[in-house]
Structure formats: C-alpha cells, structure tokens
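Colleague: this one's sequence-less:
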C-alpha cells in the first residue's frame, strides 16, 4: 500500500498514558472507520519558536499512520496513512 498524504483533523477515541502521563493515541476514527493501534509507536517532538508539535508514527498491524498534535490545540491531525 502506498502512503497517502491526508492532513485532515480526526477524532481520537481512546488514549493511553506513559509513565510521565504523556497521552498516546490508541484508537482513532477516520471517514467512519475505527483504527486501533498495536502499541505506543514512535513519538517525535518538534519545536519551532514557542510552538511544540508532537508527531506519532503508529500502526494497526496493516497500515501505518502519522498523527500530529500541536501544543495548545484540542484536535489531532492525520498527516499520512499507508
């Protein structure tokens, strides 16, 4: 499957927490379909000025996903899927 650039806001329907209480998405909904992730994936922190973004590379065992959460934002963005 090829990677698709999505860049759309999505709904995170479940989260898990690491030891320091960082929220990790564990299930999302996109276009009426639910995806449950297998593990905590890989998290990247990106800082630009005062803005901090978190990127998460996740898998449900079939497809790979990249999610973004910006500091101060309430929503999540599905960046890529494939």
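Modeller: That came in fine, so what should we check first? Keep in mind that this is a model prediction, so the values were computed, not measured.

Colleague: Specify the local secondary structure of the closest residue to residue 60 other than its chain neighbours.
Modeller: Nearest non-adjacent residue to residue 60, counting by C-beta to C-beta, 6 or more residues apart in numbering: residue 35, 4.8 Å away. Where C-beta positions appear, they are placed from N, C-alpha and C, glycine not excepted. Three-state call for residue 35 (DSSP: H, G, I helix; E, B strand; the rest coil): strand.

Colleague: Please name the strands paired to the longest strand that the chain contains in the sheet, noting orientation.
Modeller: Longest strand in the chain by number of residues (criterion: DSSP state E): strand 4-17. With DSSP bridges as the test, strand 4-17 is paired with strand 23-30 (antiparallel), strand 76-81 (antiparallel).

Colleague: What is the distance between that strand and the centre of its chain?
Modeller: Put simply, strand 4-17 sits 5 Å off its chain's centre (C-alpha atoms, centre = their mean, to the nearest Å).
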